[in-house]
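Engineer: model this:
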Amino acid sequence: MSTIGEVMHVLCVQCSASIEANSTMMCAQCLQSEIDVTQGISRQLSLQWCSQCDRYLRPPNLWTKCELESRDLLGICLKKVKGLKEVKLVDAGFQYTEPHSRRLKVKLTVQREVQNGAVLQQSLVIEIIVQKLQCEDCKKTFTPHSWTSLVQLRQRVDHKRSLYFLEQMILKHNAHEKVTGVKQKPDGLDFCFMNRGHALAFTDYISSALPAKHKESKQLVSHDSKSNTYNYKYTIYVELCPVCKDDLVLLDKETASRSGGMGRLLVCTSINTALHLMDPQTCRSWTIHGSEFWKHNITPIAQKKQLTTYCVLDLELVVDAARRKVKNSATRPTQKWQLCEIEICKEEEMGMTDASIRVKCHLANKIKVGDLVVGYDMRSLNVAGWADDGAGGQGDARGGQLQEQANEVLILKKGFRRKTQFADRPWMLKTIEKEVDPMDRINEDQEAIDQEEFKREIEEDEELQKDLLIYKDPHYVAKPKAEAEEDSDSEDDIPEVALAQLLDDLDVGGPGA
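Structural biologist: Next up is the predicted model:
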C-alpha cells in the first residue's frame, strides 16, 4: 500500500495492478470480467411495421408514423428493450444498417451499481428485426362498408372543374391523410374515415378552401343494453357553392341593394375562401366571404359552356369620371381591369351586313384589335324570371331594379385559337386514387373535357399556378422543331406554365421498399 499526496493506492487483488483504493479492491478490467453490467438486457427483438401506411407499432397498441433513425423511432425501440429498468441509460443511438435489410441496430451505454457502491459502465448493441404486420386501419380498408364516418362531397353543376381544384388543394396540404378510401360518384366524391373527428376536421378544411355548407346525420348500427354502449355510422353531406369561376350570376333585388350600387348581372372572376364578383360594364368588384354566400340569393344563370367566341374589330378606351369618385368602398374599381368600348363580330359572320356590334368591355389592358374574346350572348340567353324583375327597364340599382342593359354581349375574357381540342403538355397534376362503382354511370368523355378546361384555366391564371403543385411529366415527348413551329404559326400565343415552376416527382419508399 502506498500514498501519493492524499490519494491512497493499493494493489488489485487479482492482477496486482496499482489502482486507487475502492470498496472492491479490484481494477476496472477485473471487475468487468467478474460482473456483466448488461446482464438481463435483451440483445435481439422484433419491431412491427405496416408497409401500406408506413407506421410502426408502439406498445401497447398504437401505430405511429416515424422516419428511419428518428428520435420517435428510437423511443419505440427503447420501450421494447427488456431489462433497462435495472440499469441507468447513459446514451443511445442508431448504427448504420442497409435500408433494405429490415434490420435496425441500436447502441446503448448503460451504468449499474455493483459491489459496495462501485458504478460500472458498459456498452452493447441490440439488433432489431423489422417485421411486416398489417395494422387494423389498413385491414379495414380492404373490407367493404367498414367506415365509421362518410363525407359526401357534392356540387350541383354540370362540370367538375371546382372538384378538380379542391382535389389539388387537398393533395397540396395533405388533408386526405386520414382518409381510408375515396369513391367516385357521378355528382361528386365520397371520403371514408374510421373516426368521426377526422371526418369533421376534413369538413372544416373543405369549408375553409371553398364556400360550402354541410349537414350531419347518423345511423344506429348496434347497441349493447348491458353496458349501455351505442355504435353509430355518421354521414356528413357537404355541398359546394354552385357558382364557379367565369359564371354569370344574377343578384336578387335585396342583395343588389346591399352591394353598394352594383348591377344585378355580375361575372365571377375567381373563387376561393371568398366569392369575387365583377361588373363588366363598370369594372367594379364585390367580394363575398364564403360563410356569407349562403345568406344571399345569388343564382348562376350561365356557365362556361354557353360562351361564344368573337373577334375584336375596333377598340376605344372609355374614361369614366364616376369611377374615380369611388374611394374606400368594398365595390371600388380595381386597377386590374380597364374599361373600353370594342366592336366585335363572330368569326363565321365576318363580312356580313350588320354583323358587328359595339359593347363595353373591361379588358382594355389585355386585348388588342384582331384578338379573340369570349362572352355571353345576352340576346340568346334565356333567364327565367328576369323580365318579371324589371330587367328590360331603367332604374336605380339601390332601389333593387336592374340597370338598363346596354350590352348585347357581356365579354368575359380573352380567347385563343387552339389547333387541337386536347393539348399535349410537359406537366401533369397528381390525383387521388379513387374507387369506381360499376353500377354508377360516369361519363368519361365529359370528364376528359372538364379536365382539359381545368388545365387551360391553370395556364391562363398565374395566380392559380402559385396555389397548386404542378409536376413534370416523365412521359412527355417534345415535338420535332418543324412541327412545333407549324403549330405555333397556326395558333395564337397560348399561355403556358413556366418550366421553372414544375416540380420533380419524388417517390420515397419505406424500410421494406
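Engineer: Tell me how far residue 294 lies from residue 285.
Structural biologist: Note on residue 294: its distance to residue 285, by C-beta to C-beta, to the nearest Å, is 20 Å. C-beta coordinates here come from the backbone N, C-alpha and C atoms, glycine included.
Engineer: what does residue 277 give?
Structural biologist: Remark: distance between residue 277 and residue 285 (C-beta to C-beta) = 7 Å.
Engineer: Neighbour count for those two, which is higher?
Structural biologist: residue 277 (24 against 21; other C-beta atoms under 10 Å).
Engineer: Tabulate the CA atom coordinates of whichever strand or helix holds the more buried one in PDB.
Structural biologist: Here residue 277, judged by DSSP states H and E, is contained in strand 274-278. Extracted in PDB, the C-alpha atoms of strand 274-278 (Å, rounded to 0.1, in the frame of the first residue of the first chain):
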ATOM      1  CA  ALA A 274     -64.500  34.200 -50.900                       C
ATOM      2  CA  LEU A 275     -66.500  34.800 -54.000                       C
ATOM      3  CA  HIS A 276     -65.100  37.600 -56.200                       C
ATOM      4  CA  LEU A 277     -67.700  39.200 -58.500                       C
ATOM      5  CA  MET A 278     -67.200  41.900 -61.000                       C
END
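Engineer: C-terminal to that strand, what's the next element?
Structural biologist: Next in sequence after strand 274-278, counting helices and strands by DSSP H and E, comes strand 285-289.
Engineer: who's in contact with residue 429?
Structural biologist: Contacts for residue 429 (C-beta atoms under 8 Å, 6 or more residues apart in numbering) come out as 168, 455, 468-471.
Engineer: From those, keep the buried residues only.
Structural biologist: Buried members of the contacts of residue 429, scored by 16 or more other C-beta atoms under 10 Å, are 168, 455, 468, 470.
Engineer: In helices only, show me these.
Structural biologist: Among those, DSSP state H puts 168, 455 in helices.
Engineer: quick check, distance from stretch 342-361 to the centre of its chain.
Structural biologist: 43 Å (C-alpha atoms, centre = their mean, to the nearest Å).
Engineer: How about stretch 173-191?
Structural biologist: Offset of stretch 173-191 from its chain centre (C-alpha atoms, centre = their mean): 12 Å.
Engineer: taking the mean pLDDT, what do you get for that stretch?
Structural biologist: Stretch 173-191 shows a mean pLDDT of 89.
Engineer: one step back: which residues do residue 277 and residue 285 both contact?
Structural biologist: By C-beta under 8 Å, 6+ apart, residue 277 and residue 285 have these common neighbours: residue 269.
Engineer: where does this protein dip in pLDDT?
Structural biologist: For the chain, the stretches with pLDDT under 70 are 1-7, 23-24, 33, 115-117, 140-145, 320-335, 383-407, 479, 481-492, 505-513.
Engineer: The residue lying closest to residue 34 once chain neighbours are set aside: neighbouring residues, count only.
Structural biologist: Using C-beta to C-beta, 6 or more residues apart in numbering and skipping the chain neighbours, the partner closest in space to residue 34 is residue 26 (7.2 Å). For residue 26, the neighbour count with other C-beta under 10 Å is 23.
Engineer: hmm, back to that, okay, the angle between the strand holding residue 277 and strand 285-289?
Structural biologist: Between the axes of strand 274-278 and strand 285-289, defined by axes from the mean of the first three to the mean of the last three C-alpha atoms, to 10 degrees, the angle is 160 degrees.
Engineer: Can you list the helices and strands that strand 274-278 packs against?
Structural biologist: If contacts are counted by 3 or more C-beta pairs under 8 Å, 6 or more residues apart in numbering; DSSP states H and E, strand 274-278 sits against strand 265-271, strand 285-289, helix 290-293.
Engineer: roughly how far out does the last one sit from the chain middle?
Structural biologist: Put simply, helix 290-293 sits 21 Å off its chain's centre (C-alpha atoms, centre = their mean).
Engineer: Report the next helix or strand after that helix in sequence order.
Structural biologist: strand 298-302.
Engineer: neighbouring contacts of that following strand?
Structural biologist: So strand 298-302 is contacted by 157, 242-244, 247-252, 255, 268, 275, 288, 376, 381, 383, 386 (C-beta under 8 Å, 6+ apart).
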